[in-house]
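Q: sequence below, structure please.
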Amino acid sequence: MKRMSDELIHLISVWAMERGIINNSTPLAQFAKLVSEIGELGDNIAKQRDVTDDIGDCLVVLNTLAIMNDTTLEQCLKVAYNDIKDRKGHMNTHGVFIKEGDVA
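A: Here you go, the predicted structure:
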């Protein structure tokens, strides 16, 4: 499974490079693209539609942003995991996780 993920990330990275997105866009422009993709994701969640493509689109843009910031999705996920792995808290009645120390 990991091998396929690495290959897909590589293919997506090459796709973005071949289309000039990496060299000719900016992190701010890609952030705007991400917000647009997140809007589509939110719309489809609200309408209870399949969100597989929307999540994938967000990951494509996040991969581009990672490359533009000289990092990788894997490195970003490692940092995020290390930040949350020991986090404690509770789920509120609205389905939102409230981390320990935050006011609920």
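
Q: CA only for contacts and neighbour counts going forward, please
A: Fine.

Q: quick one: end-to-end length of stretch 79-93, please.
A: Using C-alpha to C-alpha, to the nearest Å, the end-to-end distance of stretch 79-93 comes out at 29 Å.

Q: can you confirm residue 90 is in a strand?
A: Yes. The assignment for residue 90 (DSSP: H, G, I helix; E, B strand; the rest coil) places it in a strand.

Q: run a quick neighbour tally on it.
A: Burial of residue 90 is recorded as 12 neighbouring residues (other C-alpha atoms under 10 Å).

Q: strands of this structure, residue ranges please.
A: 89-91, 97-99 (DSSP state E).

Q: give me whichever of those is most buried.
A: With neighbours defined as mean count of other C-alpha atoms under 10 Å, the strands of the chain peak in mean count at strand 97-99, which reaches a mean of 14.

Q: for it, what is the average pLDDT?
A: The average of the pLDDT scores along strand 97-99 is 92.

Q: counting by contacts, list what it packs against.
A: strand 89-91 (3 or more C-alpha pairs under 8 Å, 6 or more residues apart in numbering; DSSP states H and E).

Q: can you list contacts of the strand it packs on?
A: The contact list for strand 89-91 (C-alpha atoms under 8 Å, 6 or more residues apart in numbering) reads 97, 98, 99, 100.

Q: got those residues as JSON lines, with distance to residue 29 columns?
A: Listed next are the contacts of strand 89-91 as JSON lines, based on distance: C-alpha to C-alpha, whole Å:
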{"residue": "97", "distance to residue 29": "31"}
{"residue": "98", "distance to residue 29": "32"}
{"residue": "99", "distance to residue 29": "32"}
{"residue": "100", "distance to residue 29": "35"}
